[in-house]
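In: Task: produce atomic coordinates for the following.
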Amino acid sequence: MSAELNGVLNSLSSKFEQLVSLYEKACVNLEKLQQDYRALTERKLELEAQLTKLEEKNKSLLITHAFTANDGSAEEATEKISRIVREIDKCITLLTK
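Out: You can find the predicted model right below:
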């Protein structure tokens, strides 16, 4: 019976060591996945900021193009936009008084 008990204990010990090994591998894998997640989250934020900037630039270019469609130059369009913005600022100032 003692040989049988030793066999069971050896089997349990072997299985326990395998379980510990699998646990350690899972911990290493989890750490790597967490690092990847952090890197991807940071990259996502960078890309979202870049997208916002590009959308604003696109909007500005569309407005500029709308003003230059009548054979005007981009500088003239920029001046028109600046003039309109100044007029809007003046209106806002008058409304807040």
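
In: Kindly list the longest helix within the chain.
Out: With residue count as the measure and DSSP state H as the assignment, the chain has helix 2-68 as its longest helix.

In: now that helix: how far from the chain's centre is it?
Out: What separates the centre of helix 2-68 from the centre of its chain is 14 Å, taken as CA atoms, centre = their mean, to the nearest Å.

In: tell me the average confidence for it?
Out: Taken as a whole, helix 2-68 has a mean pLDDT of 92.

In: helices or strands up against the following helix or strand past that helix?
Out: From helix 2-68 onward toward the C-terminus, using DSSP states H and E, the following helix or strand is helix 74-96. Packed against helix 74-96 by the contact rule (3 or more CB pairs under 8 Å, 6 or more residues apart in numbering; DSSP states H and E) you find helix 2-68. Backbone N, C-alpha and C define where each C-beta goes, glycine included.

In: Show me what the helix it packs on is packed against.
Out: Judged by 3+ CB pairs under 8 Å, 6+ apart, the packing partners of helix 2-68 are helix 74-96.

In: tell me the contacts of Leu40?
Out: By CB atoms under 8 Å, 6 or more residues apart in numbering, Leu40 lies in contact with nothing.

In: can you check Ser21 too?
Out: Counting by CB under 8 Å, 6+ apart, there are no residues that Ser21 touches.

In: Check the gap between it and Gly7 for me.
Out: As defined by CB to CB, to the nearest Å, Ser21 lies at a distance of 21 Å from Gly7.

In: what does Leu33 give?
Out: In terms of CB to CB, Leu33 sits 39 Å off from Gly7.
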